[in-house]
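Asker: the following comprises the amino acid sequence and a computationally predicted model.
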Amino acid sequence: MRAVLVKTFFALVVVLVLLSVLGFVFEHELELFAQWIADRLGFTGLCAILLVTDTLVTPFPPDVLLIVIAKSAFAQDWPFYVGILGIVSAWAGMQGWAIGRWLGHRPLFRRLFGEFKCEHEDMVKKYGPWAVLAGAVTPMPFSVTCWSAGVLGLGFWPVLAACLFRIPRFYLYYGLVVTGVSFFNGKL
């Protein structure tokens with residue numbers, strides 16, 4: 001577990017530094033692109049993108065939407081917009097869990113996961129919500145952890161509790177994005 005935490009910390013640092021450097025090098029282009037996205041899609045469009053990408057298994061990181069918030073007119077009311085994105089992401093995680101539950105009853109998935117589930121049921125029940133929590137607060141693929149929780153039969157309430165950590169995660173990552181860009185722009 002300690003190794004996972006150390007790797008997660010370093011992954012966060014790498015992501016922050018990468019976003020900050022890119023934000024510094026392409027600041028003007030990033031602001032124009034973010035405002036273009038915000039103007040074309042609106043906040044409802046950003047929420048729809050997040051709902052799809054956090055429900056389904058996609059390679060799209062939700063942190064890109066935080067950059068759009070930070071670099072567009074949405075930045076004026078960022079606490080509201082970031083909070084709503086966190087709620088949408090938690091909802092998407094629960095939809096992923098529901099999809100996983102549905103898939104877990106299909107013969108193919110029962111064959112694939114059945115033996116693992118039987119052999120490790122105690123471990124899955126004990127540590128499964130922690131895996132969802134790790135997916136909720138780290139750069140790990142959140143949708144994968146939610147689908148897996150559903151397939152492996154984790155209960156609704158523990159998964160919901162873990163998914164709700166998406167809300168403070170969005171605030172934290174927004175702060176990291178803004179602080180990192182400000183640091184490299186010399187505005188701190």
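Answerer: Sure, I can see it. A quick note: this is a predicted structure, and the numbers were derived from the prediction, not measured.

Asker: low-confidence ranges in the chain?
Answerer: Applying pLDDT under 70 to the chain picks out residues 1, 4-5, 8, 12, 15-16, 19-20, 22-24, 113-121, 180-188.

Asker: can you get me a residue count around residue 33?
Answerer: The tally of other residues near residue 33 (other CB atoms under 10 Å) stands at 15. Glycine gets a C-beta too; all of them are placed from N, C-alpha and C.

Asker: go on, residue 2?
Answerer: Counted with other CB under 10 Å, residues neighbouring residue 2 total 6.

Asker: for it, give its distance to residue 9.
Answerer: Going from residue 2 to residue 9 by CB to CB, to the nearest Å gives 11 Å.

Asker: before we move on, what about residue 17?
Answerer: Distance of residue 17 to residue 9, given as CB to CB: 13 Å.

Asker: right, and residue 67 touches residue 37 too?
Answerer: No: Residue 67 lies out of contact with residue 37 (CB atoms under 8 Å); the separation is 9.5 Å.

Asker: more neighbours: which of these two?
Answerer: Higher neighbour count among residue 67 and residue 37: residue 67, with 23 against 19, using other CB under 10 Å.

Asker: for residue 97, which non-adjacent residue is spatially closest?
Answerer: Distance criterion CB to CB, 6 or more residues apart in numbering; nearest residue to residue 97, sequence neighbours excluded, is residue 150 at 4.2 Å.

Asker: in which helix or strand would I find the one you found?
Answerer: Per DSSP states H and E, residue 150 falls inside helix 142-151.

Asker: list the buried residues of the helix or strand following that helix.
Answerer: From helix 142-151 onward toward the C-terminus, using DSSP H and E, the following helix or strand is helix 156-163. Residues of helix 156-163 classed as buried: 158, 159, 162, 163 (neighbour count, 16 or more other CB atoms under 10 Å).

Asker: who touches helix 156-163?
Answerer: Contacts with helix 156-163, where a contact means CB atoms under 8 Å, 6 or more residues apart in numbering, come from 89-90, 93-94, 97, 128-130, 132-133, 135-136, 146, 149-150.

Asker: let's see it at 10 Å
Answerer: 54, 89-98, 100-101, 125, 128-137, 142, 145-146, 149-150, 154-155 (CB atoms under 10 Å, 6 or more residues apart in numbering).

Asker: what's downstream of it, the next helix or strand?
Answerer: helix 166-185.

Asker: chain center to that following helix: distance?
Answerer: Here helix 166-185 shows a centroid-to-chain-centroid distance of 14 Å under the convention CA atoms, centre = their mean, to the nearest Å.

Asker: related to what we said a few turns ago, I'd guessed the residue nearest to residue 97 sits against residue 55; true?
Answerer: No: contact between residue 150 and residue 55 fails when scored by CB atoms under 10 Å: they sit 11.5 Å apart.
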